[in-house]
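[1] can you look at this prediction? I've put the sequence above it.
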Amino acid sequence: MKIFNTLTGRKEEFVPLTPNKVGIYACGVTVYDHCHIGHARSAIVFDVITRYLRYKGFDVKYVRNFTDIDDKIINRAREEGITWDAVAAKYTGEYYKDMDMLGVGRADVEPKATEHIAEMINIIKGLIDKGYAYEAEGNVYFSVDRFSEYGKLSKRNREEMIAGARVEVDERKINPLDFALWKRSKEGEPSRESPWGPGRPGWHIECTAMSIKHLGETFDIHGGGADLLFPHHENEIAQSEAYTGKPFARYWVHNGFITIDREKMSKSLGNFFTIKEVLDKFDPEVVRFFLLSTHYRSPIEFSDEQLREAESSIDRYYSTVIRVEDFIERANNLKDELSNAGKIFENRLISFRQNFEQAMDDDFNTALALGHVFELIRETNRFLDKRPSGLKDGELLLKTGELLSEAGNILNIFNKTPREWYLSLMKLKNIGITEKDISEKISERQGARKHKNWNLADAIRKELEDKGIILEDKKDRTDWKVMAG
RNA sequence: GGCGGCGUACCCAAGUGGCUAAGGGAGAGGUCUGCAAAACCUUUAUGCAGCGGUUCGAAUCCGCUCGCCGCCUCCA
């Protein structure tokens, strides 16, 4: 299995520190507001990575933190007129609501910054003792000049960064790039006691403390959005490796951004959609599918049109599932042998799992993996069109269903029954008609069709179509579905 | 200014040295159907931003040019 490592800038063979075990840490969110779709991307990417690693048989320990104390939380508390911890609690709850909807699983450990203050203070003390950090007026800073490898992740050197001149000037810092490990709190701000007086931890130190505590001083994978690469992850490496004297994370994995009109989606630009806004219009599987249909390191342009296309793709999937289930349900009086079409199909089926894994093994190429899923979908439909009749043919289709749901479990999509899918679409698209109404219309139309009253039959079909319901006449019945896309 | 990435069909998107350049959406034609829908088949890049170079061979490696974006400040 290969993973692109930001640290080396190359795809590398993934070899865990301890055979068969994987420790993975992903930077979570600061709980001060509702999450937007960019947060969803990061969460889904690492969700799929952990699911796949587990599928491959690794014993995975996945840690994802909550930053629950920070300037933004404090500001938000002022705005909302509630305490900072109430803000954190509120948006932690909102985060879980969003992630549960999106099918993002819980991490094995979900540490909070505020629960690791003691660990952070210990590390800061250690860094001061080793001469990597210094105190100034109740603040503690990390001295980047003392860590010679500073910049190795983001591939820049100190001089260049200072030349960039966008670093904040702070008289108390020796080097403008030095970053706070501990910040003295101002009057009225939340604070904890420390050897340097009341204050709170800097942002980066929490991830060092929590990853080391839960995964050890050296662990396998550290992930997050590409915007965390600098300074956050660079600083994490500096303070962690300075403190332990050992390599920190071995593979650094960064997901790309979501863009709107080709610009990065961000809070500050205001060009974002919250997860809740998107889920008001699209099924969670559509959102996941959309995000996984592009490689995780590439940017994704977000638009309703893209989501509608994803919806059409998923609809194609469920339409095929219906056909497969129909066949299996009605498979009786089957002949023993495998048809010729079945023999061809069997070969395609055998290569599917291999293709899927090959794609996922290559730096989690979900886009290619989904391509293979749809290749199988086409082969399945082609097979069904040949009117298979053997007992073995039925077994093949049963196997197809299993393989597809296995792939679906890894990506955590395609988990609905077709009926659930259409009910979800009905709800999201505000179809102003009930299932019962539809059934009645279908019976009425069946009557008309029996008497070859095509005008009436077509009128009823048109009436439903105008409401977004498509009818499909089959051999022995008429099915309905919601217009997708 | 420094560093990094991207540019593949009408749209989205895999592919990063070698069989016919995946897959999805959209369009056109066909099969099936009372007609549809779905499905399937055919079709839509002798071509991968442009120009050079390396190589027996390049979308894929190198150089230059053009265009777009990101990071260097909180940010998934």
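    On my side now, so go ahead.

[2] for the closest residue to RNA strand B within the stretch 201-350 of chain A, which non-adjacent residue is spatially closest?
    Nearest to RNA strand B in the stretch 201-350 of chain A, going by CB to the nearest atom of the strand, is A:Gly225, at a distance of 2.0 Å. Backbone N, C-alpha and C define where each C-beta goes, glycine included. The shortest distance from A:Gly225 to any non-neighbouring residue, by CB to CB, 6 or more residues apart in numbering, is to A:Ser42 (4.9 Å).

[3] any idea how far A:Lys392 is from the one you found?
    A:Ser42 is 45 Å from A:Lys392, where distance means CB to CB, to the nearest Å.

[4] what of A:Trp252?
    With CB to CB as the criterion, A:Trp252 and A:Lys392 are 48 Å apart.

[5] of the two, which one has the most company?
    Using other CB atoms under 10 Å as the criterion, A:Trp252 and A:Lys392 rank with A:Trp252 on top: 22 against 17.

[6] do you know how far the residue of the stretch 201-350 of chain A closest to RNA strand B is from A:Ile275?
    Going from A:Gly225 to A:Ile275 by CB to CB gives 15 Å.

[7] go on, A:Glu465?
    For A:Glu465, the distance to A:Ile275 - CB to CB - is 32 Å.

[8] more neighbours, the two?
    For A:Glu465 versus A:Ile275, neighbours defined as other CB under 10 Å are more numerous around A:Ile275 (24 against 13).

[9] wait, that one sits on A:Gly38?
    No. Using CB atoms under 8 Å, A:Ile275 is not in contact with A:Gly38; the gap is 9.5 Å.

[10] which residues are in contact with stretch A:274-290?
    If you take CB atoms under 8 Å, 6 or more residues apart in numbering as the criterion, stretch A:274-290 is touched by A:34-37, A:39-40, A:44, A:98, A:101-103, A:300, A:304, A:306-307, A:310-311, A:313-314, A:370, A:411-416, A:421, A:424-425, A:428.

[11] inside strands: which ones of these?
    Cross-referencing the contacts of stretch A:274-290 against strands under DSSP state E gives A:Ile300.

[12] keep only the contacts of stretch A:274-290 that also lie close to RNA strand B.
    A:39, A:300, A:306, A:313, A:370 (CB under 7 Å from any atom of the strand).

[13] so what's A:Leu292 closest to, chain neighbours aside?
    The spatially closest residue to A:Leu292, leaving aside those adjacent along the chain, is A:Thr366, at 4.1 Å (CB to CB, 6+ apart).

[14] next up, the contacts around that neighbour.
    The contact partners of A:Thr366, by CB under 8 Å, 6+ apart, come to A:48, A:292-293, A:295-296, A:359-360, A:411.

[15] list the contacts for the closest residue to RNA strand B within the stretch 301-450 of chain A?
    For the stretch 301-450 of chain A and RNA strand B, the shortest gap (CB to the nearest atom of the strand) falls at A:Gly371, measuring 2.4 Å. Going by CB under 8 Å, 6+ apart, A:Gly371 touches A:Ala359.

[16] kindly state the pLDDT recorded for it?
    pLDDT recorded at A:Gly371 is 97.

[17] and A:Leu334, by the same measure?
    64.

[18] now for the nearest residue to A:Pro247 once chain neighbours are set aside, how many residues are close by?
    In space, not counting the residues next to it along the chain, A:Pro247 is nearest to A:Thr218; the distance is 5.2 Å by CB to CB, 6+ apart. A count of nearby residues for A:Thr218, using other CB under 10 Å, gives 16.

[19] let me see the contact set for A:Thr218.
    Neighbours of A:Thr218 in contact, by CB under 8 Å, 6+ apart: A:17, A:244, A:246-250.

[20] longest single helix anywhere in chain A?
    Identified as the longest helix of chain A according to DSSP state H is helix A:304-329.

[21] that one: what's the following helix or strand?
    Note on helix A:304-329: by DSSP states H and E, the next helix or strand toward the C-terminus is helix A:340-361.

[22] just checking the distance from the helix or strand encompassing A:Ala86 to the centre of its chain.
    Assigned by DSSP H and E, A:Ala86 falls within helix A:84-102. Chain-centre distance of helix A:84-102: 16 Å, with CA atoms, centre = their mean, to the nearest Å.

[23] give me the mean pLDDT for that helix.
    Mean pLDDT, helix A:84-102: 97.

[24] the helix or strand following that helix packs against which elements?
    Next helix or strand after helix A:84-102 toward the C-terminus (DSSP H and E): helix A:117-129. With contacts taken as 3 or more CB pairs under 8 Å, 6 or more residues apart in numbering; DSSP states H and E, helix A:117-129 sits against strand A:133-136, strand A:139-142, strand A:179-184, strand A:199-201, helix A:203-215, helix A:234-244.

[25] helix A:117-129: how far from the chain's middle?
    Remark: helix A:117-129 is offset 33 Å from the chain centroid, using CA atoms, centre = their mean.

[26] which residues are contacting it?
    By CB under 8 Å, 6+ apart, the surrounding residues in contact with helix A:117-129 are A:113, A:133-135, A:140, A:142, A:181-182, A:192, A:194-195, A:201, A:205-206, A:208-210, A:212-213, A:239, A:242-243.

[27] about what we covered before: which of the contacts of A:Thr218 fall in strands?
    Using DSSP E, these in strands are A:249-250.

[28] selection in ChimeraX covering whichever of the contacts of A:Thr218 are buried, please.
    ChimeraX command restricting the contacts of A:Thr218 to the buried ones, with burial defined by 16 or more other CB atoms under 10 Å:
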select /A:244,248,249,250
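
[29] okay if I get the contacts of A:Thr218 as CSV plus pLDDT and distance to A:Lys281?
    Output for these, formatted as CSV (pLDDT from 0 to 100; distance: CB to CB, whole Å):
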residue, pLDDT, distance to A:Lys281
A:Leu17, 97, 43
A:Thr244, 97, 47
A:Lys246, 97, 48
A:Pro247, 96, 45
A:Phe248, 97, 41
A:Ala249, 97, 37
A:Arg250, 96, 40
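
[30] return only those of the contacts of A:Thr218 found close to RNA strand B.
    Among those, no residue sits close to RNA strand B (CB under 7 Å from any atom of the strand).

[31] show me what from the stretch 1-150 of chain A comes close to RNA strand B.
    Remark: the part of the stretch 1-150 of chain A in contact with RNA strand B comprises A:9, A:27, A:29-30, A:38-39, A:41-42, A:72, using CB under 7 Å from any atom of the strand.

[32] what about the helix or strand of chain A with the lowest mean pLDDT, distance to the chain center?
    None of the helices or strands of chain A scores lower by mean pLDDT, DSSP states H and E than helix A:158-163, at a mean of 76. Centroid separation between helix A:158-163 and its chain, computed with CA atoms, centre = their mean, is 34 Å.

[33] hey, C-alpha coordinates of it in CSV?
    Taking C-alpha atoms only, helix A:158-163 is exported to CSV below (Å, rounded to 0.1, in the frame of the first residue of the first chain):
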residue,chain,number,x,y,z
ARG,A,158,13.4,30.7,8.2
GLU,A,159,14.8,33.5,6.1
GLU,A,160,12.3,33.1,3.3
MET,A,161,9.4,33.1,5.8
ILE,A,162,10.6,36.2,7.5
ALA,A,163,11.1,37.8,4.1
